[in-house]
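**Student:** Sharing a sequence plus its predicted fold:
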Amino acid sequence: MKTLIRMKLAVCLLGVTMAQAQIETRVYELKWRSAEEISEILRGFSIRLETSPSFNTLTVAGEPEKLALVEGILEKFDVAARDFELQFYLLKASSQEGGIKNGIPEKIAEVIGELSSLTKYKSFELIDAPNLRASEGKRAEINGQGAISYNIAIARNAIIDSDGETRIRFDPIEINFRVPVGYKEGRVVYGGHAGVRTSLTVADQETVVLGASRLKEADKDEGVAVVTILTAKLL
């Protein structure tokens, strides 16, 4: 009986030793993405995972087949982030006849013409044309001040290659407008505010109308509409 128990114990210990022998530990040095970013993808795997922000490395312990999957993910995601450029056109729009003011590019003037035929707006004046450069997967933001102040923020974005076409996904993009109405204790006081918050996908070189926001200007009873047009360009 004791011999049988010893044999069973020996088999169990051999099984543990073999299982331990299948676990490997490897250190991966990342070139383009941060260790924390990549670890977000790997946390669902049955592996032991440690990150080093100082050295930007991942230490992974797991079975060889799991490590092969990890290496496949690193090959796909640890690549240089692509950059893109967003050209915004912020236009004050009115229902009164007046055409287009302030030297708007021809391509944007064509979009405005289509917009005018579909809406009540017949007069457009360029407020500002901010340019925002950003990197794939990174938050980006730009601000501007004037008769109408604005903040444009991209929380999340991704560049998608599908069916031979490259598109940029924004999820979401948010634009807020505010109207300065005076000063108090040396600081600007704002009145009405409005904005646009939307998720969308835009092709390279595509121009889209994001929407119209209605604001009440200082010392005026009537509100004003601000139309936002966007052109996206991969760099």
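**Tutor:** Here it is on my side, so go on. Owing to the predicted nature of the structure, the values given are computational and were not obtained by experimental measurement.

**Student:** hey, let's count contacts and neighbours off CA atoms from now on
**Tutor:** OK.

**Student:** just the helices in this structure please.
**Tutor:** Secondary structure of the chain, counting by DSSP state H: helices at 2-21, 35-42, 64-77, 106-118.

**Student:** and the second one, what does it pack onto?
**Tutor:** If I follow you right, that is helix 35-42. Helix 35-42 is packed against strand 48-52, strand 57-62, helix 64-77, with contacts defined by 3 or more C-alpha pairs under 8 Å, 6 or more residues apart in numbering; DSSP states H and E.

**Student:** 6 Å instead, please
**Tutor:** Packing partners of helix 35-42 (3 or more C-alpha pairs under 6 Å, 6 or more residues apart in numbering; DSSP states H and E): none among the helices and strands.

**Student:** pLDDT of it, averaged?
**Tutor:** What helix 35-42 shows for mean pLDDT is 91.

**Student:** Enumerate the positions of the longest strand along the chain that are buried.
**Tutor:** If you go by DSSP state E, the chain has its longest strand at strand 165-184. Residues of strand 165-184 classed as buried by neighbour count (16 or more other C-alpha atoms under 10 Å): 167-171, 173-180.

**Student:** Contact partners for Ala147?
**Tutor:** Residues counted as contacts of Ala147 (C-alpha atoms under 6 Å, 6 or more residues apart in numbering): none.

**Student:** From Ile127, how far out is it?
**Tutor:** For Ala147, the distance to Ile127 equals 8 Å [C-alpha to C-alpha, to the nearest Å].

**Student:** returning to what we had before: for the longest strand of the chain, which outside residues touch it?
**Tutor:** With C-alpha under 6 Å, 6+ apart as the test, strand 165-184 has contacts from 148-154, 156-160, 188-204, 218.

**Student:** Tell me where the model's unsure across this structure.
**Tutor:** 1-21, 216-223 (pLDDT under 70).

**Student:** swap the cut-off to 80 and go again
**Tutor:** 1-21, 98-99, 101-103, 180-193, 215-224 (pLDDT under 80).

**Student:** The longest strand of the chain: partners in the sheet, and parallel or antiparallel?
**Tutor:** Strand pairing for strand 165-184, determined by DSSP bridges: strand 149-154 (antiparallel), strand 157-162 (antiparallel), strand 187-203 (antiparallel).

**Student:** how about the last one: buried residues?
**Tutor:** Buried positions in strand 187-203, judged by neighbour count with 16+ other C-alpha under 10 Å: Tyr190, His193, Ala194, Gly195, Val196, Arg197, Thr201, Val202, Ala203.

**Student:** One more: the second one?
**Tutor:** Taking 16+ other C-alpha under 10 Å as the basis for neighbour counts, the residues of strand 157-162 that come out buried are Asn157, Ala158, Ile159.

**Student:** Leaving aside the residues adjacent along the chain, what's closest to the first one?
**Tutor:** Residue nearest to Asn157 in three dimensions, not counting chain neighbours: Phe170, with 4.6 Å by C-alpha to C-alpha, 6 or more residues apart in numbering.
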